[in-house]
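*Asks:* Generate coordinates for the sequence data below:
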Amino acid sequence: MKPAIDAGQTTVKQDPDLKSQILKHMEDSSFQDMLQKVERIMEEIGGNWIL
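*Replies:* Numbering: from 1, shown residues only. Below is the predicted model:
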């Protein structure tokens, strides 16, 4: 019999290369520009959003 999986304890293996790629793209100025545009739009539509 298999033990039940608890969604709160799900383990995800992270690929260190993937993590470094994500961090590299987050530091890119074009990503930061896009993020600022998205934040402005969210403010305009009145969302109470946090990025």
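
*Asks:* hey, let's count contacts and neighbours off CA atoms from now on
*Replies:* Noted.

*Asks:* Are there helices or strands packed against the longest helix seen in the chain, and which ones?
*Replies:* When the chain is parsed with DSSP state H, its longest helix is helix 29-44. On a contact count with 3 or more C-alpha pairs under 8 Å, 6 or more residues apart in numbering; DSSP states H and E, helix 29-44 meets no helix or strand.

*Asks:* Could you give the average pLDDT over that helix?
*Replies:* Mean per-residue pLDDT for helix 29-44: 89.

*Asks:* With only the CA atoms kept, save it in PDB.
*Replies:* Provided in PDB are the C-alpha atoms of helix 29-44 (Å, rounded to 0.1, in the frame of the first residue of the first chain):
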ATOM      1  CA  SER A  29      17.600  45.100 -17.900                       C
ATOM      2  CA  SER A  30      14.900  44.000 -20.400                       C
ATOM      3  CA  PHE A  31      13.300  41.700 -17.800                       C
ATOM      4  CA  GLN A  32      13.300  44.600 -15.300                       C
ATOM      5  CA  ASP A  33      11.800  46.900 -17.800                       C
ATOM      6  CA  MET A  34       9.000  44.400 -18.600                       C
ATOM      7  CA  LEU A  35       8.400  43.800 -14.900                       C
ATOM      8  CA  GLN A  36       8.000  47.600 -14.300                       C
ATOM      9  CA  LYS A  37       5.500  47.800 -17.200                       C
ATOM     10  CA  VAL A  38       3.500  44.900 -15.700                       C
ATOM     11  CA  GLU A  39       3.500  46.500 -12.300                       C
ATOM     12  CA  ARG A  40       2.200  49.900 -13.800                       C
ATOM     13  CA  ILE A  41      -0.600  48.100 -15.600                       C
ATOM     14  CA  MET A  42      -1.600  46.200 -12.500                       C
ATOM     15  CA  GLU A  43      -1.700  49.500 -10.600                       C
ATOM     16  CA  GLU A  44      -3.900  51.000 -13.300                       C
END
